[in-house]
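Participant: Mind looking at a prediction? Sequence and model below.
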Amino acid sequence: MSPRSPNPLDNNKVYHADIHFTDDGGDPQDLSGTSPNREEEETQKRAAEMHMWWDEAIAKHMNLPDGYQNVAVLIVKWADMLDELKTKAEAEELDAVFRDNFHFETEIIELNVSSKPQHQLNRYLSAFVEKHDGPHNLMIVYYTGHGLYKDHGGYLELTGSTNPKVKKGFNNDARCNWNKAEEILKDDEVEGDVLTILDTCFSSNLVKSGKEDTRTYELLSACAMDETTASPGDNSFTRALIDALKSLAVEFADKSFSTSYLNQRINLNPNRRDTPSHLWFRLRHADRHIRLAPLKPEKDRLREVSRTHPPRGYLTLRFAIQYDLLNREQIEFLTHKLSKALNNNTAVGLRRIDWLGIKPARATRFGRTALAMFAIAQWRSVLHRRREEKKLQRRVDEIELPIEVMEGQEEVLESSPTRKRTRDDADDYPEPKRELLVPQLSPPSPPVSDSGLRVEV
């Protein structure tokens, strides 16, 4: 985390830059900004909405608890005398939001140099996991302060100061390896979900590692890979996080919202457009997002959890559907039908159905060519049929010359070889030709998308 420097240019002028980088292939890459464009924001918004609709509907139809039995938050910062960024005020405000708005159990710990900070952090995390771990629990670990990514060691170093003038005496020892401490949270013995929130520079560089697991461990990072983030103040990640949590707590009331939705709300903050936060999965194959909601009274949580047993296996299915996006009514239909067919069935023992996302079908070059050739062939067939029907219609018109029937000339009409057919002998006309006089044409059916909807049960 680094403080924002004043603009060295003339403050009375507006400067525009359009920077492109051209690689060996000659394709320009726009590096003018890091914020997602409007299309990407809309895609993220739709994905978050569909996930939210699914979780709400499946919890309703399967009568599942919407939330965790217990949620605990550990806020980590440096002692004030070592904290160059002065993060105390924001850390305490975030602690109050988790405690008062969400009713989570919170604790603030400060790292100092009375002993090795690495030992302190390891000890605090071990005690935190021992106290709050459980199959229906969520553990949130938040850090605010400086961070440096060590390329030679491939790890994130947490430090109280990066200013050489300040780093003297005990301040030189105010550092620890986050990757080592994080192993406590990623350990195979941990049963609960984990959410780490790092308001520090280079925090996204952590995604280079990860174990495979069935529980969820997510990292909400203040910045992208190899990027820095703003220090405490109006532009800080923690300020945007606090504002987002407060607004979502009011908007959703007692309902839950996903970490993906939270991250999206943070990035919509105008002060964070130049440094968007990122959400990462820290365990492979754990594609289920964590959901946050104010905790219900303890007796209600215990009653809900008593009906839910931890799963012992996961079945992953993929549905090929016609659409690349689903609306709320479609999701409601799917969840209702699936839960009705599988819920309370002892032969399957269904616990829940998690939304893992929807992806557009990948069309290969051969597949696209075959589809185009099929469409062309169908269209040619339609055109040929229309031409033949027009020819037949012209022949019929030539045979059936219009004759005006006048009063008193019935006998002449009876003996006329060119008279128009009467209604009585019209039935003698061959039936197939009568059908061709009124061709029934249907436009070619549009191609069907092979979008993939992955649902884990």
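Facilitator: That came through fine.
Participant: what's the nearest residue to residue 76 if we skip its chain neighbours?
Facilitator: residue 143 (4.5 Å; Cβ to Cβ, 6 or more residues apart in numbering). No exception for glycine: its C-beta is placed from N, CA and C like everyone else's.
Participant: Surely that neighbour and residue 77 touch.
Facilitator: Yes: using Cβ atoms under 8 Å, residue 143 makes contact with residue 77 at a distance of 7.3 Å.
Participant: tell me the secondary structure for the residue nearest to residue 76?
Facilitator: Under DSSP: H, G, I helix; E, B strand; the rest coil, residue 143 falls in the strand class.
Participant: so what's it bridging to?
Facilitator: residue 76, residue 198 (DSSP bridges).
Participant: Can you give me the neighbour number for it?
Facilitator: By other Cβ atoms under 10 Å, 25 other residues sit near residue 143.
Participant: same question, the one 3 residues further on
Facilitator: Neighbour count for residue 146, taken as other Cβ under 10 Å: 24.
Participant: quick thing: my sequence starts at 17, can you match it?
Facilitator: That works, and once the first residue is 17, the last one we named lands at residue 162.
Participant: Check the residue nearest to residue 92 and give its pLDDT.
Facilitator: With respect to pLDDT, residue 159 scores 96.
Participant: Contact partners for it?
Facilitator: Going by Cβ atoms under 8 Å, 6 or more residues apart in numbering, residue 159 touches 91-93, 174, 194, 212-216.
Participant: for the residues you listed, which one is nearest residue 168?
Facilitator: Of all the contacts of residue 159, residue 168 sits closest to residue 194, with 15.8 Å by Cβ to Cβ.
Participant: Select the longest helix from the protein.
Facilitator: As assigned by DSSP state H, the longest helix anywhere in the chain is helix 381-415.
Participant: pretty sure residue 66 is touching residue 341, no?
Facilitator: Yes: if you go by Cβ under 8 Å, residue 66 and residue 341 touch, sitting 7.2 Å apart.
Participant: list residues touching both of those two?
Facilitator: Common neighbours of residue 66 and residue 341 (Cβ under 8 Å, 6+ apart) are residue 374.
Participant: still on that earlier bit, for the longest helix of the chain, packing partners?
Facilitator: helix 447-453 (3 or more Cβ pairs under 8 Å, 6 or more residues apart in numbering; DSSP states H and E).
Participant: Not counting sequence-adjacent ones, nearest residue to residue 191?
Facilitator: residue 175 (4.3 Å).
Participant: Look up how far residue 124 lies from residue 275.
Facilitator: 22 Å (Cβ to Cβ, to the nearest Å).
Participant: Repeat that for residue 410.
Facilitator: Counting by Cβ to Cβ, the gap from residue 410 to residue 124 is 90 Å.
Participant: Please identify which of these two sits among more neighbours.
Facilitator: Legend: neighbour count by other Cβ under 10 Å for residue 410 and residue 124, higher for residue 124 (15 against 9).
Participant: Now do the same contact list for the more buried one.
Facilitator: Residues in contact with residue 124 (Cβ under 8 Å, 6+ apart) are 91, 93, 107-108, 111.
Participant: how close does residue 297 get to residue 255?
Facilitator: For residue 297, the distance to residue 255 - Cβ to Cβ - is 26 Å.
Participant: whoops, residue 118 was the one
Facilitator: From residue 118 over to residue 255 the distance is 18 Å, taken as Cβ to Cβ.
Participant: Tell me how many other residues crowd residue 232.
Facilitator: Residue 232: 21 neighbours (other Cβ under 10 Å).
Participant: again, but for residue 330
Facilitator: 12.
Participant: do the same with the one 10 residues further on
Facilitator: Residue 340 has 15 neighbours, counted by other Cβ under 10 Å.
Participant: cool, and residue 69?
Facilitator: 19.
Participant: Surely it is in a helix?
Facilitator: Yes: according to three-state DSSP, residue 69 belongs to a helix.
Participant: For the nearest residue to residue 285 once chain neighbours are set aside, report the pLDDT, please.
Facilitator: Among residues not flanking residue 285 along the chain, residue 256 sits closest, at 4.3 Å (Cβ to Cβ, 6+ apart). At residue 256 the predicted local confidence, pLDDT, stands at 95.
Participant: Would you confirm that residue 256 contacts residue 280?
Facilitator: No: counting by Cβ under 8 Å, residue 256 does not reach residue 280; the two are 11.6 Å apart.
Participant: Let me know the secondary structure of residue 125.
Facilitator: Going by three-state DSSP: residue 125 is strand.
Participant: Identify the residues contacting it.
Facilitator: 90-93, 140.
Participant: Buried only: go through the residues you listed for me.
Facilitator: 90-93, 140 (16 or more other Cβ atoms under 10 Å).
Participant: between the residues you listed, which is nearest residue 130?
Facilitator: residue 140 (13.5 Å).
Participant: What is the strand or helix carrying the closest one packed up against?
Facilitator: Using DSSP states H and E, residue 140 sits within helix 133-148. Counting contacts by 3+ Cβ pairs under 8 Å, 6+ apart, helix 133-148 is packed against strand 86-94, strand 121-127, strand 153-160, strand 191-193, helix 194-202.
Participant: residues contacting residue 100?
Facilitator: Counted by Cβ under 8 Å, 6+ apart, residue 100 has contacts 162, 176-179, 182.
Participant: Look up phi and psi at residue 294.
Facilitator: Note on residue 294: backbone dihedrals following degrees, to the nearest 10 are phi -140, psi 150.
Participant: Give me the pLDDT value at it.
Facilitator: pLDDT at residue 294 comes out at 90.
Participant: Am I right that it is in contact with residue 237?
Facilitator: Yes: here residue 294 reaches residue 237: they are 4.8 Å apart, a contact under Cβ under 8 Å.
Participant: Between the two, tell me which one has more neighbours.
Facilitator: Between residue 294 and residue 237, counted using other Cβ under 10 Å, residue 237 has the larger neighbour count: 27 against 17.
Participant: Leaving out chain neighbours, which residue sits closest to residue 310?
Facilitator: residue 118 (4.9 Å).
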